[in-house]
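Colleague: let me see the structure of the following:
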Amino acid sequence: MTNKSVDFGKTAGDYRQHRLGFPLDLFIRLKTLGIGLTGQDIVDFGTGTGALANQFARQNCRVIGLDISQPMLDEAQKIAKAENLAATYQRASAEQTALPNQIADVVSAGQCWHWFQGIQAAQEAYRLLRRNGSIVICHVDWLPLPNTVVEATEQLILKHNPNWRFGGGNGFYGQWAEHLYIAGFIGLESFSFDLHFPYSPDSWRGRIRASSGVAASLSADLVEKFDQEHQKILERDFPQNTLQIPHRVFAIIGRKVS
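Modeller: Residues are numbered from 1 along each chain as shown. A predicted model of the protein is given here:
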């Protein structure tokens, strides 16, 4: 994903290596709701390095992943090729995919809806879906709970990048419901659950470099300066070999019946 000031293509390597993606529990829950079933055709908006798309392909779905960042698509394709997955990747925006009408059983979007023109993206998803198709918007976010490594990390990001606007989140995204409703989706439902992701200190540094507030928006020299200070904070205040990082997984689903 990119926008005017954020380019994840600049950090595609760290993004693929250190962002752990979505837990398998999410896909298990989605299956109970008819999403990610064998043989489904899925279009994944803002696919990035294919965190959703490649897992759906592992579940024997046919997937088209879309993104406007070619470096991110290249990383996703490497994974798909290495595992011989039925996933293809194309450069396109969520708002104007240029794909034919009614080609998908599911449209998915993972960790990206906030970068879109939400109503336009929802309308495009509606166009792509067959009758009784579903859209699912997924997020997995770290939680900056008090006195945690996440809180300390967010404070450091803001020190180096005061324009960063994604700190202090709670992992809930009910606001996307309005976009889906306006586009014509019905039967909206959502769920969430919390868990901890284990990171080594080095992998946590890589995860943070791959965030919108660091390598995707800062110059290389500023990223290096941030990373060095981040390393010192971790060594001083959080010397554990494994950091247990609190996260919240959230999903909202809409149905097309016409």
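Colleague: next SSE downstream of the worst-scoring helix or strand of the chain on mean pLDDT?
Modeller: Every helix and strand in the chain was compared by mean pLDDT, DSSP states H and E; the lowest is helix 12-18, with a mean of 53. Scanning forward in sequence from helix 12-18 by DSSP states H and E, the next helix or strand is helix 24-32.
Colleague: quick one: list the elements packing against that following helix.
Modeller: helix 53-58, strand 129-142, strand 186-199, strand 243-255 (3 or more Cβ pairs under 8 Å, 6 or more residues apart in numbering; DSSP states H and E). Using the backbone N, CA and C atoms, a C-beta is placed for each residue, glycine as well.
Colleague: point out the most buried one among the ones you listed.
Modeller: Of the helices and strands packed on helix 24-32, the one with the most neighbours on average (mean count of other Cβ atoms under 10 Å) is helix 53-58, at a mean of 24.
Colleague: helices or strands up against that helix?
Modeller: helix 24-32, strand 41-45, strand 62-67, helix 70-83, strand 87-91, strand 104-110.
Colleague: who's in contact with residue 179?
Modeller: 113, 118-119, 121-122 (Cβ atoms under 8 Å, 6 or more residues apart in numbering).
Colleague: my bad, residue 98
Modeller: Contacts of residue 98 (Cβ under 8 Å, 6+ apart): residue 92.
Colleague: tell me the phi and psi of it?
Modeller: phi 70, psi 10 (degrees, to the nearest 10).
Colleague: helices of the stretch 151-258 of the chain, residue ranges please.
Modeller: 176-183, 201-209, 220-237 (DSSP state H, counting those that start in this stretch).
Colleague: residue 174 is in contact with residue 189, correct?
Modeller: No. Residue 189 lies out of contact with residue 174 (Cβ atoms under 8 Å); the separation is 11.3 Å.
Colleague: next, show the common contact partners of those two.
Modeller: Common neighbours of residue 189 and residue 174 (Cβ under 8 Å, 6+ apart) are residue 252.
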